[in-house]
Each structure stands twice: as C-alpha cells, then as structure tokens.
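> got a predicted structure here, sequence first:
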Number of protein chains: 2
Amino acid sequence: MEPKIKILFADDEPDILDIIGYNLEKEGYEVITAKDGQQALDLSKLHRPDLIILDIMMPYKTGIEVCHLLRQLPDFRETPIVMLTALNDETSHIKGLDSGADDYISKPISTKILMSRINALLRRFHKDGDSKIIKISDMTIDPNRFMVILGEQEINLAKKEFELLSLLASKPGRVFLRNEILSMVWGTEVIVGDRTIDVHIRKIRQKMGIDCIKTIKGVGYKFEW
Amino acid sequence: MEPKIKILFADDEPDILDIIGYNLEKEGYEVITAKDGQQALDLSKLHRPDLIILDIMMPYKTGIEVCHLLRQLPDFRETPIVMLTALNDETSHIKGLDSGADDYISKPISTKILMSRINALLRRFHKDGDSKIIKISDMTIDPNRFMVILGEQEINLAKKEFELLSLLASKPGRVFLRNEILSMVWGTEVIVGDRTIDVHIRKIRQKMGIDCIKTIKGVGYKFEW
DNA sequence: AAGGCTGTTAACAATTTGGTAACCCCTTGA
DNA sequence: TCAAGGGGTTACCAAATTGTTAACAGCCTT
C-alpha cells in the first residue's frame, strides 16, 4: 500500500470541519484540519499536503491570503488548491481563481459531490507524469521535474547527482551497496571507477548544505535525516 | 469553476465510444459522442467543441471527410482535430495529416497514453480557450492580444517565441523538460532539431533584455524572476 | 516579384558535467 | 604505533550539453 494522500482542510466552522474531514478520511485520505487561516498556513508548511482545501472566510487570514502566501513557496507551486466559500457571488469567485486556486467550490454542497470534485482534481494532478514525488521533512524531491526543494530554496543538482540522491531518498534508512548504486544509477553496461560515487556524494552533500547521506564504511551509503 | 472543455468524440464502435468517453469525462472534460461521420459533423456544428477526435473508418462519412468539411468552416479552422484509426499504415497517416488534422493516433492505444496526448494537444492549443493573462512582477503576458509588456515598453515576440515564453511563464519556477517543450510548443508530429529550442530561448532572452529564463543543464528550462 | 519576418538548421564556441587519478585523512588491527 | 584499507577531497581532462551566430527556406505583405 502506497502512503496515503494527504489533504489539508481549513474551515472555521467546526461542524463542517468534522463532516467533511470524516468523509475525506472515509475516502481513504489522510486529513489534516485547520480552523483558521494562520493554522492552515502553518500546518501546510509542516505536513506538506498533496491537496489543500481552503474556506475563504476564515479568521486571522482568509483563504485567498493563505493561497497567495502558499504560492510564493516553491513547494506549493504545484499543489492543487481548492477554494471553498459560502458566498456565491462573482467577486469571490474571481478573486479565488486569481489567487492561484485550481478549483472553486461554493457551499452548501453535498459531500458526495464534493468528494467527486476532489477525486477528479487529484486524478488530474496526479496523472501527468508518474509523479512519485518524495517528501521527507522539509525536503521535496520531484523526479519528474528534476527539482529538489529544501525548505524554501531550490537546489540545482546535476543529472547524475539528482539520480543518485533520488535513489538513496527513495528508501530512507536503507543502505545501498556501492554495487547497487552503480548498477542503478550508471547501469550495468558502463564501467566507472570506484571514486566516482564518492565524488558525486560529495557534490550532493556540498550543494545540500546538510548531511543527509551517511556513509557505512565498507558497505555503502544511506539516506537519513 | 471554469467552464469545462468540450470534446467531441466520434467512433462507430459503441464499446470504444463508451470506454474513451468515460475516461475523458473522468479527466474532467465534457464529452459529446457521435457514432458516425454525419453525426460528428452535425454535432460539431451544434456544440462547437474545443477538441474533435475522429475515427477514420466511419459510416456515412469518414473521419477524413469530416475533417475536410469542418476545416472549410471558419469556426473550425483553429479547432484541434485528432485522427483515430485502427489502420497503422502510412497511407492513412499522411491522409489524416493532409486533411488538416493536428494529431494522429493509431488504435489500439492505452487510454492512459491517449489521455496524455489529448491533454498535451489541448495545452498546446489553449491559446483562445484558456487565454489567461499572466502577470509576474512588472511583466504582463496577454495571449489575447499576443503581447508582452515589460514595464512601460511593449515587446514584440514572434509566434513560436511567444508560445515558448507563455509555456514557461505559465508555471514560474517549474522546470520544463526539453521534451515537454517540444511536444507542447511544436507538437508530437513535427520533428525539429535540438538546437531549435535554444535559438528561440536566446531570441526571447535577447528581446526581453533581462534574464528570466534559467537553464537546467541536461534537463530543460524554467522561468524565474 | 521583392522585401521583410519567422522558423529551422548547421557550425562552432563556451560552458557544464562526468570520470579518473592522486593525495590526504581516518579508522582498524596486529 | 604503524601499516593497510577505505573513504574524502581536489585538480584535471574528456565528453556532453548549451549558447551564439549565420545562413537559408518558407510565408506573408506590399
């Protein structure tokens, strides 16, 4: 079983939070709830959900503000965001879309329809590319786009460096033997020297700034936070 | 919620009509189905779909005939048309493209691949369908007027240059692989050399005066302010 | 038909990346 | 303690990739 898809749901009405939250969990999603805009922002940064649902009218920060702020962060540029509102007027509709939201749903709405809208949106975003995005703590590795995001900054890795990091991070904690690394990153055909791996490991450690790759002497390397 | 994109899908085999139709709807499109060439023509005129998928072998009128007839009408001169056929031979391939089709897909094909081809085609043609004005800092990209405004001055980009910039700027910060760029700007059918992208990138950088397009070596390009 | 603009390709320059060797340091074990 | 083995670091060169320029063909306008 793959890890569950995480959805952050923010609304200031506890009843709605409960009902929708319950239904989302029943659909098989992992749900993180927030009861105001500030919390939505903080919990998003903390949990890095795959989908974010924001009520527009919320204390401290409106959904629109939260959306705007999230879109500034590299990590949330691709995350689908749904705006939810009781207002059915054009104004908030347009504002919501301008803020960078991907869909706009007006309350009241049956949970059934809401669920199907959410499912459709997730399908749409998870389809293109095999999107096996790796998220560990505040690091995100997107193999489809060759991007590594650490906290709020993007790190530029060269191709081989990226492939190597992706491999190690694909199974955090697991030790990869030097042989394994060679065959998976360089293939069985190419024959490269022993020091090549070290050199690339070094370059990664250097660019990342933090030491997330541990050496197991005489064995290989592993990714560890 | 923005209005759904309408797709007309014509095939004389009910099973295929059902399966593909179902998948298209699951992708979030509004689907109009036709079971022969005449119906495809009539329903196209009636509903004005954003994309038309035509099986070649159909009763009353073949897909090629329908395509030809549609292209006579001003309304359908720009509409992307996809030819679908069980015949895998060159003859119908060429005929299909000659008839004014924009893409040619041979059956059998996995629905997944079909969907991604259709998505790519729609993205490519999205000029008038979606036509969102992109504003980043003091740069404005207006697909309707086909203009780029940087601060006070207007910049004249050629068609391909404009399409390329629009694509990159549509998702600032995101890396587009060279393959993606090729398929979205040039399409899957046309084959152009490797240096073509570079040359256009260069022209854009030159005309813009500022360096807002970043190179990710071995991978692709991204827009970044 | 001429001229200008656009899109593409080819050729070469510049840059980046990948791989190797040499050297250094650390750990281990006799 | 010292030698051996393994990994870390650096410099350097070759290969791959991209940047730049120029030339040319196709198209549209005049």
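Good, I have the coordinates.
> how many neighbouring residues does A:W225 have?
By the measure other CB atoms under 10 Å in any protein chain shown, the count of residues near A:W225 is 12. No exception for glycine: its C-beta is placed from N, CA and C like everyone else's.
> my guess is it meets A:D138, correct?
No. A:W225 is beyond contact range of A:D138, at 9.6 Å (criterion: CB atoms under 8 Å).
> worst-scoring helix or strand of chain A, pLDDT-wise?
helix A:90-98 (a mean of 50; mean pLDDT, DSSP states H and E).
> ok, now which ones touch A:V219?
Residues near A:V219 by CB atoms under 8 Å, 6 or more residues apart in numbering or on different chains: A:175, A:177-178.
> give me the buried entries from those residues.
A:V175 (16 or more other CB atoms under 10 Å in any protein chain shown).
> and which of the contacts of A:V219 is nearest to DNA strand C?
DNA strand C has its nearest neighbour among the contacts of A:V219 in A:R178, at 12.5 Å by CB to the nearest atom of the strand.
> show me the contacts for the closest one.
Neighbours of A:R178 in contact, by CB under 8 Å, 6+ apart: A:194, A:197, A:219-221.
> so where is chain A shaky, pLDDT-wise?
Flagging of chain A using pLDDT under 70 yields the residue ranges A:1-3, A:86-100, A:104, A:106-113, A:116, A:120, A:123-131.
> need the residues of it near DNA strand D, please.
Chain A comes close to DNA strand D at residues A:178, A:194-195, A:198-199, A:201-202, A:205, A:215, A:217-220, as judged by CB under 7 Å from any atom of the strand.
> can you put the residues you listed in TSV and add secondary structure?
Putting the residues of chain A next to DNA strand D into TSV (DSSP: H, G, I helix; E, B strand; the rest coil) gives the following:
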residue	secondary structure
A:R178	helix
A:D194	coil
A:R195	helix
A:D198	helix
A:V199	helix
A:I201	helix
A:R202	helix
A:R205	helix
A:T215	strand
A:K217	coil
A:G218	coil
A:V219	coil
A:G220	strand
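> just the buried ones among those residues, please.
Buried, going by 16+ other CB under 10 Å: A:201, A:220, out of these.
> give the buried residues for the helix or strand A:L46 falls within.
In this assignment (DSSP states H and E), A:L46 forms part of helix A:37-47. Residues A:37-41, A:43-45 are the ones in helix A:37-47 that count as buried (16+ other CB under 10 Å).
> and stretch A:62-76, by the same measure?
Here stretch A:62-76 shows A:62-67, A:69-71, A:73-76 as buried, counting by 16+ other CB under 10 Å.
> is it anywhere near chain B?
Yes. Using CB under 8 Å from any CB of the partner chain, stretch A:62-76 reaches chain B at A:P74.
> let's have the buried residues of stretch A:62-76 in TSV, adding secondary structure.
Below are those laid out as TSV (three-state DSSP):
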residue	secondary structure
A:T62	coil
A:G63	helix
A:I64	helix
A:E65	helix
A:V66	helix
A:C67	helix
A:L69	helix
A:L70	helix
A:R71	helix
A:L73	coil
A:P74	helix
A:D75	helix
A:F76	helix
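> mind picking the two most distant members of the residues you listed?
A:T62 and A:P74 (22.8 Å; CB to CB).
> for DNA strand C, what are the nearby residues on chain A?
A:156, A:158-161, A:186, A:190-193, A:195-196, A:199-200.
> in helices, which of these appear?
A:159-161, A:195-196, A:199-200 (DSSP state H).
> narrow the residues you listed to those that are buried.
A:160-161, A:200.
> ok, of these, which one's closest to chain B?
Nearest to chain B among those is A:K160, at 8.8 Å by CB to the nearest CB.
> tell me the contacts of that closest one?
By CB under 8 Å, 6+ apart, A:K160 lies in contact with A:185, A:200.
> A:I32 versus that one, what's the distance?
Distance from A:K160 to A:I32, counting by CB to CB, to the nearest Å: 36 Å.
> which residues does A:I213 contact?
Per CB under 8 Å, 6+ apart, neighbours of A:I213: A:165, A:168, A:201, A:204-205, A:221-224.
> switch to 6 Å and redo it
Contacts for A:I213 (CB atoms under 6 Å, 6 or more residues apart in numbering or on different chains) come out as A:201, A:205, A:221, A:223.
> skipping adjacent residues, who's closest to the last one in space?
What that stands for is A:F223. In this structure, A:F223 finds its nearest non-sequential neighbour in A:L168, 3.9 Å apart by CB to CB, 6 or more residues apart in numbering or on different chains.
> and if you look at A:R117?
That would be A:I105: by CB to CB, 6+ apart, it lies 6.0 Å from A:R117.
> contacting residues around A:G63?
Contacts of A:G63 by CB under 6 Å, 6+ apart are A:54-56, A:83.
> got a winner among these for most neighbours?
A:L54 (30 neighbours).
> C-alpha coordinates for the helix or strand hosting that residue, CSV please?
In the assignment (DSSP H and E), A:L54 maps to strand A:51-55. Presented in CSV, the C-alpha positions along strand A:51-55 are these (Å, rounded to 0.1, in the frame of the first residue of the first chain):
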residue,chain,number,x,y,z
LEU,A,51,-4.2,18.9,-1.8
ILE,A,52,-5.3,21.9,0.1
ILE,A,53,-8.9,23.0,0.6
LEU,A,54,-9.4,26.5,2.0
ASP,A,55,-12.5,28.2,3.1
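> that's all I had, so thanks and see you.
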